[in-house]
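K.L.:
what follows is a predicted structure for the sequence shown.
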Amino acid sequence: MWKEFKEFITGGNVIEFAVAVIMAGAIGLVVTGFVNYVVMPFVGHFTGGMDFKDMKYVLDEAVGKAGEAGYVAENAIMYGSWINTIINLLIVGFVMFLIVKAYNKVKTPPPAPAPAGPSTEDLLTEIRDLLSKK
C-alpha cells in the first residue's frame, strides 16, 4: 500500500495538479490586487470618483453608535463589492485563458499518424490478379 501511495503521489498528474492549484491561487491574489488597486481607481476616475466597493443598498440603518449598549449594525447589500468580484473573475479567467493558450502553443505536437495500409479494394484486386495467374 505504501508503494502504491508513493507511485500515486510522485506521479506527474498529482504534482502538476498541485502546482496548478498553487499558481491559480497566486494569480488570483495578483489579479485581485490589480483590480482593487489599479482597475477600480481608474474606473472610479472616469465615473466621477465613484468607488464600487462603497456601493450598497441599505436594508436597515444602523441604530445607535458603535460601542454603546443597544447598538445595531447597518444591514446592507454590498453590490459594489460583488461587482469587483465579477471583474476579478473575468480578469482571472482571461489570464488563465492566455496561460493555457501559450501552453498549448509550446506543447509538443502529437506524433504523426501511421501511414495507411492498402485499402480493402486494393487487397481484393491483388488477390484477383494472383488467382487469375494460376
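P.N.:
That came through fine.
K.L.:
enumerate the positions of the lengthiest helix in the chain that are buried.
P.N.:
In the chain, assigned by DSSP state H, the helix with the most residues is helix 79-106. Using 16 or more other CB atoms under 10 Å as the test for burial, helix 79-106 gives 80, 84, 87-88, 91-92, 95-96. Any C-beta I mention is one placed from the backbone N, CA and C, and that applies to glycine too.
K.L.:
part of a strand, is Ser132?
P.N.:
No: counting by DSSP: H, G, I helix; E, B strand; the rest coil, Ser132 falls outside a strand, being helix.
K.L.:
low-confidence regions, this protein specifically.
P.N.:
Filtered on pLDDT under 70, the chain yields the residue ranges 8-12.
K.L.:
what about 90?
P.N.:
Along the chain, the parts satisfying pLDDT under 90 run over 1-56, 58-76, 78-124, 126-127, 129-131, 133-134.
K.L.:
what are the ranges of the helices in it?
P.N.:
For the chain, the helices defined by DSSP H cover 2-9, 12-34, 40-46, 79-106, 120-133.
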